[in-house]
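Asker: requesting a structural model of the entry that follows:
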Amino acid sequence: MSFRLFGHDVEITSSFWITTALMGYLGHGTNWRMVLLWVGVVLISILVHELGHAVAFRAYGVPSSIQLYHMGGMTMPEGAPKLTRGRNIVVSLAGPLAGIVLGVVTLAVGYFVPMRSEFVANLVRMSVMVNIYWSFVNLLPVLPFDGGHVLESALGPKRYRYTLGISALVGTVIALLAIASAISDGRAGWQLWIVILFGGAAFNSFRMLRELQALVHNSGAAHDQARAQQEPLLPATERALREAQIALDEDEPARAVELCDGVMAGRELLTGERPKARAIQRALAIKGWAHLTLGQIPEASETVTRLSRMAHTDPALLAAVAFAKDELAPARRLLEAARASGDKRKQVFGPLIQILLKQDEAARAGALAFDCIEALSTEDLRAIGGLVSDGGSHAWAGKLLEAAFKRDRDPNDAFEAARIFARAGEPRKALDLLRVAVQNGFTDVERVYADDALVSLDDLDNVIPKPGLPNPA
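Answerer: Numbering: from 1, shown residues only. Purely as a prediction, here's the structure:
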């Protein structure tokens, strides 16, 4: 479900409705009137919260879009805005502040307006709980809550490990307190939800901390190893490895494997020497990528396992093997940790986009692709835009296809972007892009009038008239 709200694209996923309704059922059983009231209160409250973030972004000149998923939301800025740490803190605080204001207004209405029905009283009670109580809970220094992002901005990127450590510690303490409270009460109500939220957040922070530390440690170990092995490889070995890399780059993976096997066997060495460890490591890395290209997953896994025993292994290669084995969770963790450490290679963000699409997180995939747009080819933009649109995130898909048009000036890209923006409920944007498509040579009128979303646009005839009608002046 997608629509525009105060100039912002909003997407509500099916997981939001399911999770929110489930929480309402756990709290109110088969009292469906109360369950529907709960869903409505949560919907409005989270929208107000995310609009707080979006308005703050807009105040700093950064467009953003909103996605509601599970029983929460996310406001995603376009591109990679370079805000100061202070401004990032303001953006993080704007959401809880908006929720607190809504809760205080609701509380004031409940105080000054007589409660003539139990329904209205429950409405006020739920709104106060969701907006005031949750806003303060959300300010605790635990990622991915707003308080965790405030801490992250305050400590800065160089101290991200400290942020993760504090997040894991605080989340664990809160989860343990909730468990103790449930034991004391003899039953688990809201405490169970707190345990799930903060226990899960603490676990994720601890996992990311370990992976980030491993990346830093392995990078340091690799650096030390390189320093300890200053002696260059023999020219014949260097030449064979370079040829293997070229073969891999030119889509000749079988030849790359053959050349790497030769290096590891020391075939190019005429002196009977054994190949150096560095040569074997480089050969294994190339061979791992080559096996993946050939679709030889067991061989790639065995090669990477052998390489990992010898030295630091590229996280992108480890993730690629996990992804090929359909182990999406570990692959995603490796790729996200690599991005957190500053790795901007296509081998990192490309598979991560694919994983997000496979896990039905089309909006995040579109936002990531838009953030890495300079490293994507026009064909990549078209393919990802189509997949993101199929996943229901029309706003991000439209932006990707519009970027493809701006790059190559292909009128078909402008037309496809117009179709998607029409589906996203942005008729003015759709008409503008359709007009641009016509100006750049698009003449397929039948395609326009065969699209239900475009046909419903007002003034469509003024942009591209139906067959038999005169062209607009």
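Asker: quick one: residue 73 and residue 328, what's the gap?
Answerer: 23 Å (CB to CB, to the nearest Å). Backbone N, C-alpha and C define where each C-beta goes, glycine included.
Asker: so these two - more neighbours on which side?
Answerer: residue 73 (23 against 17; other CB atoms under 10 Å).
Asker: any idea what the more buried one is bridged to?
Answerer: residue 68 (DSSP bridges).
Asker: contact partners for the residue nearest to residue 284 when sequence neighbours are not counted?
Answerer: Distance criterion CB to CB, 6 or more residues apart in numbering; nearest residue to residue 284, sequence neighbours excluded, is residue 307 at 4.1 Å. Residue 307 makes contacts with 281, 284-285, 288, 313, 317, as judged by CB atoms under 8 Å, 6 or more residues apart in numbering.
Asker: out of those, which are inside helices?
Answerer: 281, 284-285, 288, 317 (DSSP state H).
Asker: quick check: residue 64 touching residue 73?
Answerer: No - applying CB atoms under 8 Å as the test, residue 64 and residue 73 come out as separate, 11.8 Å apart.
Asker: show the pLDDT at the residue nearest the centre of the chain.
Answerer: Centroid-nearest residue in the chain: residue 364, 3.4 Å away (criterion: CA atoms, centre = their mean). According to the prediction, residue 364 has pLDDT 83.
Asker: just give the nearest non-adjacent residue to it, would you?
Answerer: Using CB to CB, 6+ apart and skipping residues adjacent in sequence, the residue nearest residue 364 is residue 356, 4.9 Å away.
Asker: count of residues packed around the one you found?
Answerer: Neighbour count for residue 356, taken as other CB under 10 Å: 23.
Asker: residues touching residue 444, list them.
Answerer: Residue 444 touches residue 415, counting by CB under 8 Å, 6+ apart.
Asker: list of residues touching stretch 422-437?
Answerer: Applying CB under 8 Å, 6+ apart, the set of residues contacting stretch 422-437 is 2-4, 9, 389, 394-395, 398, 402, 405, 411-412, 414-415, 417-419, 421, 442, 448, 451, 453-454, 456-460, 463-464.
Asker: average pLDDT for that stretch, rounded please.
Answerer: For stretch 422-437, mean pLDDT rounds to 86.
Asker: give me the buried subset of the ones in helices among the contacts of residue 307.
Answerer: 281, 284-285, 288, 317 (16 or more other CB atoms under 10 Å).
Asker: ok, of those, which one's closest to residue 135?
Answerer: Closest to residue 135 out of these is residue 317 (42.9 Å), distances taken as CB to CB.
Asker: helix or strand with the lowest mean pLDDT in this protein?
Answerer: helix 190-228 (a mean of 68; mean pLDDT, DSSP states H and E).
Asker: what residues go with each domain of this protein?
Answerer: According to automatic domain parsing, the chain comprises the domains 1-139, 141-228, 363-473.
Asker: least reliable of those domains going by mean pLDDT?
Answerer: It's domain 141-228: among these, that one has the lowest mean pLDDT, namely a mean of 76.
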